[in-house]
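Chemist: Got a predicted structure plus its sequence, pasted below:
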Amino acid sequence: MSRIGKQPIKVPSGVELKVNGSSVAVKGPKGKLQRDLHPNMKIELQDGEVKVTRPTDGRLDRSLHGLTRTLINNMVVGVTDGYSKQLNIVGVGYKVALKGKDLVLNLGHSHAIDYPAPAGIEFDVDGKKNTIVVKGVNKEVVGQTAAEIRGFRPPEPYKGKGVMYSTERIRRKAGKAAVGKG
């Protein structure tokens with residue numbers, strides 16, 4: 001039995017969860033999410049808790065059991081608390097600014113990068129500290145957005161410049177050693 005899949009999900013007050021076959025819709029104070037899950041999984045809502053059960057112990061059903069429970073839990077957490085990722089921009093002349101809801105990144109390229117905010121995503125920018133906070137209710141979209149921004153200038157190991165997550169540590173490398181003439 002899946003250790004994660006067998007745990008029930010408590011639905012907090014103020015969150016409305018609807019199960020229609022394999023489709024789950026969650027509505028809360030931060031927003032609403034809807035997702036179609038695999039039809040093999042049985043999703044039951046009873047007494048303010050969601051339980052996910054699997055029909056067989058086949059390989060596919062075992063692999064989907066914990067995944068389905070985690071996806072529903074992420075939806076509930078997203079509409080109650082939301083998700084966020086913080087990115088730091090390190091480098092001389094590297095800047096970030098907000099233009100409406102979109103980001104304008106100056107990362108040492110010949111041009112500024114305009115990054116439009118995806119649906120359901122908000123950016124908080126601190127221009128003095130060069131930090132970006134990506135916020136939203138969908139965990140997958142928040143992570144993907146942060147990864148795309150990081151991809152414009154990934155951190156490099158020699159000088160430590162680039163766009164990096166706030167929790168990320170860059171292993172620094174030594175540069176070329178001067179070689180004496182022989």
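Modeler: Received, thanks.
Chemist: host element of the spatially most central residue of the chain?
Modeler: The centre of the chain sits closest to residue 143, judged by C-alpha atoms, centre = their mean, with a distance of 2.4 Å. Here residue 143, judged by DSSP states H and E, is contained in helix 139-151.
Chemist: Name the next helix or strand following that helix along the chain.
Modeler: Criterion used, DSSP H and E; the element after helix 139-151 is strand 162-165.
Chemist: Now do the buried residues in the strand ranked longest in the chain.
Modeler: Identified as the longest strand of the chain according to DSSP state E is strand 83-90. In terms of neighbour count (16 or more other C-beta atoms under 10 Å), strand 83-90 has its buried residues at 83, 85-89. C-beta: built from backbone N, CA, C; applies to glycine.
Chemist: so can I have a markdown table of these showing distance to residue 98 and pLDDT?
Modeler: Shown next, in a markdown table, are the buried residues of strand 83-90 (distance: C-beta to C-beta, whole Å; pLDDT from 0 to 100):
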| residue | distance to residue 98 | pLDDT |
| --- | --- | --- |
| 83 | 20 | 96 |
| 85 | 17 | 96 |
| 86 | 15 | 96 |
| 87 | 14 | 96 |
| 88 | 16 | 95 |
| 89 | 14 | 94 |
